[in-house]
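# just the structure for this:
(4 chains)
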2 protein chains.
Amino acid sequence: MRQKQGEMCPRFEKAVNILSQRWTALVIYQMLESPKRFGEIQSAIGVSGKVLSDRLKNMEQEGLIKRDVYPETPVVIEYSLTEKGESLEPVLRDIENWSSDWIEHPDSKEAVK
Amino acid sequence: MRQKQGEMCPRFEKAVNILSQRWTALVIYQMLESPKRFGEIQSAIGVSGKVLSDRLKNMEQEGLIKRDVYPETPVVIEYSLTEKGESLEPVLRDIENWSSDWIEHPDSKEAVK
DNA sequence: CCTTATTAGTTACTATTTGTAATCAAGTAT
DNA sequence: ATACTTGATTACAAATAGTAACTAATAAGG
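Next up, the predicted model:
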């Protein structure tokens, strides 16, 4: 395979990798409004429990979100943005603005392809 | 599977889907500087020819980029941003700024997981 | 003419990631 | 004990991405 020569800033590249993971941006977007529970996120964006579980762990490891357990009945687990996670709000607002300016067809949510 | 109830704006969702496709944001970022050729993009970001070919087709269909053929020797094919594609610059600049504020470890480009 | 070189892809095959549906663990109520 | 709820995990199937070899078009060299 062709080697990578034209250097990309590795920090920018990592940021893009985080945001390019499927569902991650939508999960953060949900939490911008308020902290959210596992099931709420699942219902809101339609992600599978398996992948959501994986994403939440990654995002916690990246320091984007924090996980709080309330031993109520049944248990309540609340995910919320850290300062680092909240600082992505401008990115998501720009995407929001761009989509309202440039995306028309609301016929299918079947993605890009 | 749990149904999607909490409605997301379908235009925002589509925008996120476009930008969440692996490599798409990096390809646009490359073209922000100047039009780019197939091999240049490949070298710069390290994407496989197969996937780059697919992404460029999708991005052209989405109206983000245009493809120009110059029958020189050997053939030169130049990809450049449309107005729609260029209008994503603020999103990418925000990601750039965020990464310089919040991403530290430049040790591994091995992504998020 | 035949071989080589260059760019822009495509193809067959493998590996990784995601989706699906069933299941599990903890806690409580019936 | 059984059932219910939330937050997950698991096994298996489907979709997506990576790898390396190959093709098409054009031209230069011998």
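# DNA strand C contacts on chain A?
A:21-23, A:47-51, A:54, A:71, A:73-75 (C-beta under 7 Å from any atom of the strand). Yep, even glycine has a C-beta here, placed from its N, CA and C like the rest.
# show the overlap between these and what lies near DNA strand D.
Answer for those near DNA strand D (C-beta under 7 Å from any atom of the strand): A:49-50, A:54, A:74-75.
# just the buried residues of the strand or helix carrying A:Ile41, please?
Using DSSP states H and E, the element containing A:Ile41 is helix A:38-45. Neighbour counts using 16 or more other C-beta atoms under 10 Å in any protein chain shown place A:38, A:40-45 of helix A:38-45 among the buried residues.
# now do the strands in chain A.
A:36-37, A:65-70, A:76-81 (DSSP state E).
# dump these to a markdown table, plus mean neighbour count, distance to chain B and mean pLDDT.
Below are the strands of chain A laid out as a markdown table (neighbours: other C-beta atoms under 10 Å in any protein chain shown; distance: least, C-beta to the nearest C-beta, whole Å; pLDDT from 0 to 100):
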| stretch | mean neighbour count | distance to chain B | mean pLDDT |
| --- | --- | --- | --- |
| strand A:36-37 | 18 | 9 | 97 |
| strand A:65-70 | 13 | 13 | 96 |
| strand A:76-81 | 17 | 12 | 97 |
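# as TSV, those strands with distance to B:Pro90 would be great.
Shown next, in TSV, are the strands of chain A (distance: least, C-beta to C-beta, whole Å):
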stretch	distance to B:Pro90
strand A:36-37	27
strand A:65-70	25
strand A:76-81	21
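# which residues are in contact with A:Leu56?
A:27, A:38, A:65, A:67, A:79 (C-beta atoms under 8 Å, 6 or more residues apart in numbering or on different chains).
# so can I have TSV of those showing distance to B:Phe12?
Below are these laid out as TSV (distance: C-beta to C-beta, whole Å):
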residue	distance to B:Phe12
A:Val27	14
A:Phe38	22
A:Ile65	20
A:Arg67	25
A:Tyr79	20
